[in-house]
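In: my questions concern the predicted model and sequence given below.
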Amino acid sequence: MSEESFNTLSGKVDDLIDLCAEMKRENQALKAEKSNLQHERQQLMEKNQLAKTKLRSVLDRLKSMGDS
(Lines give C-alpha, C1' and ligand atoms only; values in the text may rest on other atoms or scores of the structure.)
Protein backbone atom coordinates (compact mmCIF):
# COMPACT_ATOMS: atom_id res chain seq x y z
CA MET A 1 0.00 0.00 0.00
CA SER A 2 1.42 3.35 -0.98
CA GLU A 3 1.86 6.10 1.55
CA GLU A 4 -0.70 8.24 -0.28
CA SER A 5 -3.30 5.45 -0.10
CA PHE A 6 -2.50 4.89 3.54
CA ASN A 7 -2.90 8.59 4.33
CA THR A 8 -6.22 8.68 2.46
CA LEU A 9 -7.46 5.62 4.33
CA SER A 10 -6.22 7.02 7.62
CA GLY A 11 -8.07 10.28 6.97
CA LYS A 12 -11.28 8.40 6.19
CA VAL A 13 -10.95 6.36 9.40
CA ASP A 14 -10.45 9.57 11.38
CA ASP A 15 -13.57 11.03 9.72
CA LEU A 16 -15.55 7.93 10.67
CA ILE A 17 -14.35 8.14 14.26
CA ASP A 18 -15.43 11.79 14.40
CA LEU A 19 -18.79 10.94 12.84
CA CYS A 20 -19.38 8.12 15.33
CA ALA A 21 -18.57 10.42 18.24
CA GLU A 22 -20.95 13.08 16.92
CA MET A 23 -23.70 10.52 16.40
CA LYS A 24 -23.18 9.19 19.93
CA ARG A 25 -23.55 12.73 21.35
CA GLU A 26 -26.64 13.32 19.23
CA ASN A 27 -28.13 9.99 20.31
CA GLN A 28 -27.56 10.81 23.97
CA ALA A 29 -29.20 14.22 23.50
CA LEU A 30 -32.19 12.63 21.77
CA LYS A 31 -32.57 10.06 24.55
CA ALA A 32 -32.51 12.83 27.15
CA GLU A 33 -35.09 14.82 25.19
CA LYS A 34 -37.29 11.73 24.84
CA SER A 35 -37.12 11.14 28.57
CA ASN A 36 -38.03 14.76 29.30
CA LEU A 37 -40.95 14.62 26.88
CA GLN A 38 -42.22 11.39 28.40
CA HIS A 39 -42.08 12.96 31.86
CA GLU A 40 -43.86 16.08 30.61
CA ARG A 41 -46.51 13.92 28.93
CA GLN A 42 -47.10 12.03 32.16
CA GLN A 43 -47.51 15.29 34.08
CA LEU A 44 -49.96 16.60 31.49
CA MET A 45 -51.98 13.39 31.63
CA GLU A 46 -52.17 13.68 35.43
CA LYS A 47 -53.28 17.32 35.18
CA ASN A 48 -55.86 16.36 32.57
CA GLN A 49 -57.23 13.62 34.81
CA LEU A 50 -57.42 16.03 37.75
CA ALA A 51 -59.28 18.57 35.60
CA LYS A 52 -61.74 15.87 34.48
CA THR A 53 -62.35 14.86 38.07
CA LYS A 54 -62.98 18.45 39.14
CA LEU A 55 -65.28 19.05 36.16
CA ARG A 56 -67.31 15.93 36.96
CA SER A 57 -67.64 17.13 40.54
CA VAL A 58 -68.88 20.54 39.42
CA LEU A 59 -71.32 18.97 36.93
CA ASP A 60 -72.64 16.59 39.60
CA ARG A 61 -73.21 19.51 41.99
CA LEU A 62 -74.98 21.50 39.29
CA LYS A 63 -77.12 18.52 38.42
CA SER A 64 -78.04 17.95 42.07
CA MET A 65 -78.96 21.65 42.41
CA GLY A 66 -81.21 21.36 39.37
CA ASP A 67 -82.88 18.23 40.72
CA SER A 68 -83.82 19.84 44.01
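Out: Structure received. Predicted model only: the values in this text are computed from it and were never measured. Numbers count the residues shown, from 1 in each chain.
In: drop to CA atoms for contacts and neighbour counts, all remaining ones
Out: OK.
In: how close does the spatially most central residue of the chain sit to residue 54?
Out: Residue closest to the mean C-alpha point of the chain, counted by C-alpha atoms, centre = their mean, is residue 34 at 1.7 Å. The spacing between residue 34 and residue 54, counted by C-alpha to C-alpha, to the nearest Å, is 30 Å.
In: average pLDDT for whatever helix or strand residue 6 lives in?
Out: Assigning secondary structure by DSSP states H and E places residue 6 in helix 3-67. Averaging pLDDT along helix 3-67 gives 96.
In: show me how far it is from its chain's centre.
Out: Put simply, helix 3-67 sits 1 Å off its chain's centre (C-alpha atoms, centre = their mean, to the nearest Å).
In: elements contacting it?
Out: Contacting helix 3-67 under the criterion 3 or more C-alpha pairs under 8 Å, 6 or more residues apart in numbering; DSSP states H and E is no other helix or strand.
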